[in-house]
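S.K.: For reference, the sequence and a predicted model appear below.
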Amino acid sequence: MTETWVLSEIVVDTIVQLIIGAALGTALLQTDASWIRFLSGTGAIMLSFLAGAELDPAVFKTRWKEASAVDLVGFFAPFLGCPVIAYYGLHGPHVKLIAVREGMENGGA
């Protein structure tokens, strides 16, 4: 097989899976089941572990300052940025509409 054929097969397969997933919906696939949430959490932890396992310790020892800076920014940017965006960026009429809609769906006013 050529590389072009393999790449096109991967792209087509991904698109078909997205279409099938959207067509079947979350109710049929039971994406809210506790075992699915457990598997997704386990997969995320494994992915993080495997990414960390690919680090070269010799390079990390020589460039620990750069790696630490990237780690700190990668943690604190979302940790501090999300609350700031939520506080300053989400005050508006659309937030009130969402709150009213959620209240109506839950039997509120």
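M.R.: In hand now; what should we look at?
S.K.: which ones are touching V6?
M.R.: Not one residue lies near V6 by CB atoms under 8 Å, 6 or more residues apart in numbering. (C-beta placed from N, C-alpha, C; glycine too.)
S.K.: any idea how far V12 is from it?
M.R.: Counting by CB to CB, to the nearest Å, the separation of V6 from V12 is 11 Å.
S.K.: Can you pull up the most central residue in the chain?
M.R.: Centroid check for the chain by CA atoms, centre = their mean gives A44 as the closest residue, at 9.3 Å.
S.K.: quick one: what helix or strand has that residue in it?
M.R.: Per DSSP states H and E: A44 is located in helix 34-53.
S.K.: domain ranges for this structure?
M.R.: 1-54, 57-109 (automatic domain parsing).
S.K.: what about the longest helix in this protein?
M.R.: Longest helix of the chain, by residue count under DSSP state H: helix 3-29.
S.K.: tilt between that helix and helix 34-53?
M.R.: 150 degrees (axes from the mean of the first three to the mean of the last three CA atoms, to 10 degrees).
S.K.: Show the average pLDDT along helix 3-29.
M.R.: Helix 3-29 shows a mean pLDDT of 80.
S.K.: Now the weakest link among the domains of the chain, please, by mean pLDDT.
M.R.: domain 57-109 (a mean of 74).
S.K.: could you check the distance from I20 over to D13?
M.R.: In terms of CB to CB, I20 sits 11 Å off from D13.
S.K.: swap in G52?
M.R.: Applying CB to CB to G52 and D13 gives a distance of 29 Å.
S.K.: need the contact list for W35.
M.R.: Going by CB under 8 Å, 6+ apart, the list of residues near W35 is empty.
S.K.: please renumber so the chain begins at 59
M.R.: Yep, numbering from 59; the last one is W93 now.
S.K.: what's the distance between it and V69?
M.R.: For W93, the distance to V69 - CB to CB - is 30 Å.
S.K.: same check, this time on A135
M.R.: In terms of CB to CB, A135 sits 31 Å off from V69.
S.K.: Could you do W63 as well?
M.R.: 11 Å.
S.K.: can you check L138 too?
M.R.: For L138, the distance to V69 - CB to CB - is 37 Å.
S.K.: Kindly report the same for K119.
M.R.: 40 Å.
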